[in-house]
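In: predicted model follows, preceded by the sequence.
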Amino acid sequence: MYQRRAEGMSAAIADQALGTTGLRVPSVVLGTSGIGRQLDAPGAAAVLRAAASSGWRTWDTSNEYGDAEAFIGSALAGLDGVADTAGTTGTVQVFTKVDPAPGSSDFSGARVRASVAESLGRLGRDRLPLVHFHDPERMTFADAMAPDGPVRALLELREAGTIEHLGVAGGPIGLLRQYVRTGEFEAVVTHNRLTLLDRSAETLLDDCADLGVGVLNAAPFGGGALADDDGPVRRYHYRDVDAVQQDAVLRIRAIARAAGIPVGALALRAANRDPRVAGTIVGVTSTAQLTQVTAWADADVPDGVWPELDAVLPDPAHWAGELGR
């Protein structure tokens, strides 16, 4: 049985500064995509209340995540000021994202303003601490930065105080770096790029450190391949695995077994290993998963395990060109 850290505050909810925003985030941020897409209202309420009472009080969402914002809004009405199990009271901090309307490709400035207004209504808030420009790869950089584009609309909403801080969330590292270098974005979410298999976001981390931009890491389990201790290895980051990826996952599992640590615990600890990462977004859809992720965050990983895992990383050239990197 793997070792947990000493009693006290869970590592999952120990908070750090998010760049220079003035916001603080826990090492594990609650992702709500599955909650909004897979659960009904009572099921979502149970998970959200359990998260808040366990101290998970920073939640990541989007208007693209099914009913997530509506579920969160309902939960927030009864949660603000309620003490968690450590006796701490306070509001839940919700970060959301702007997206085109469901079934639409409209990502204009007008659509962004409507998206933010809709999110405020569903969440029952009059302002938002952090809003991300979501999946910017859906349009060209020039169009996004145009006077009538989404970024200008977000900047105006920030100037008006409707949103306090502006971030960008997406996959292609080169594109995220382009947005970060404008100096307009205070936070960034990268997904599937800081895992046990892929560290290609490290160049982005360099830029963010230089500019004081806060970093949130998402999808540390690569869609599930890095959460299972056994069973077939079929998918990683929305695609069928190739031979290189399958071999790497099997080697990671062998290292985990030898160390007596779940693969999921290694993946989560690795996701937060770089001090430039403020927190990692992890989605759960049950209270059991919530408990499991908390335990993984508290796993004690011997220092000698990390060099073994680093040796498993596929060559960076393996990922070149994949999904618009």
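Out: Cool, got the structure. Numbers count the residues shown, from 1 in each chain.
In: I'd like to know which elements the helix or strand encompassing residue 69 is packed against.
Out: In the assignment (DSSP states H and E), residue 69 maps to helix 68-79. On a contact count with 3 or more Cβ pairs under 8 Å, 6 or more residues apart in numbering; DSSP states H and E, helix 68-79 meets helix 33-38, helix 41-53, strand 93-98, helix 109-123. All C-beta spots, glycine's among them, are computed from the backbone N, C-alpha and C.
In: tabulate these (a markdown table), appending distance to residue 164.
Out: Formatted as a markdown table, the helices and strands packed on helix 68-79 follow (distance: least, Cβ to Cβ, whole Å):
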| stretch | distance to residue 164 |
| --- | --- |
| helix 33-38 | 23 |
| helix 41-53 | 21 |
| strand 93-98 | 10 |
| helix 109-123 | 12 |
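In: hey, which of those is tucked in deepest?
Out: Compared across these, strand 93-98 shows the largest average neighbour count, a mean of 25 (mean count of other Cβ atoms under 10 Å).
In: for it, packing partners?
Out: strand 58-60, helix 68-79, helix 109-123, strand 130-134.
In: the second one to strand 93-98, inter-axis angle?
Out: Read that as helix 68-79. Per axes from the mean of the first three to the mean of the last three Cα atoms, to 10 degrees, the angle that helix 68-79 makes with strand 93-98 is 160 degrees.
In: kindly export helix 68-79 (C-alpha atoms) in PDB.
Out: The C-alpha trace of helix 68-79 is given here as PDB (Å, rounded to 0.1, in the frame of the first residue of the first chain):
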ATOM      1  CA  ALA A  68     -22.300  22.500 -15.600                       C
ATOM      2  CA  GLU A  69     -22.700  26.300 -15.100                       C
ATOM      3  CA  ALA A  70     -26.400  25.800 -14.200                       C
ATOM      4  CA  PHE A  71     -25.600  23.100 -11.700                       C
ATOM      5  CA  ILE A  72     -22.800  25.200 -10.200                       C
ATOM      6  CA  GLY A  73     -25.200  28.200  -9.900                       C
ATOM      7  CA  SER A  74     -27.700  26.100  -8.000                       C
ATOM      8  CA  ALA A  75     -25.000  24.700  -5.700                       C
ATOM      9  CA  LEU A  76     -23.400  28.100  -5.000                       C
ATOM     10  CA  ALA A  77     -26.700  29.500  -3.600                       C
ATOM     11  CA  GLY A  78     -26.400  27.100  -0.700                       C
ATOM     12  CA  LEU A  79     -22.600  26.900  -0.300                       C
END
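In: now that helix: buried residues?
Out: 68, 69, 70, 71, 72, 73, 74, 75, 76, 79 (16 or more other Cβ atoms under 10 Å).
In: my read: the second one touches residue 96, true?
Out: Yes. A contact is recorded between residue 69 and residue 96 when judged using Cβ atoms under 8 Å, the distance being 6.7 Å.
In: now for these two: what residues contact both?
Out: Here residue 69 and residue 96 have 61, 62, 63, 119, 123 as joint contacts, going by Cβ atoms under 8 Å, 6 or more residues apart in numbering.
In: look up phi and psi at the first one.
Out: When you say that, I think you mean residue 61. phi -150, psi -170 (degrees, to the nearest 10).
In: neighbours of it, how many?
Out: 24 (other Cβ atoms under 10 Å).
In: same thing with the third one?
Out: Using other Cβ under 10 Å as the criterion, residue 63 is surrounded by 24 other residues.
In: could you dump the helices and strands packed on strand 93-98 to CSV with mean pLDDT?
Out: Shown next, in CSV, are the helices and strands packed on strand 93-98 (pLDDT from 0 to 100):
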stretch, mean pLDDT
strand 58-60, 97
helix 68-79, 92
helix 109-123, 96
strand 130-134, 97
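In: residue 297: which of those is closest?
Out: In terms of Cβ to Cβ, the element of the helices and strands packed on strand 93-98 nearest to residue 297 is strand 58-60, at 13.7 Å.
In: from the shared contacts of residue 69 and residue 96, pick the one nearest residue 154.
Out: Closest approach to residue 154 among the shared contacts of residue 69 and residue 96 (Cβ to Cβ): residue 119, at 12.3 Å.
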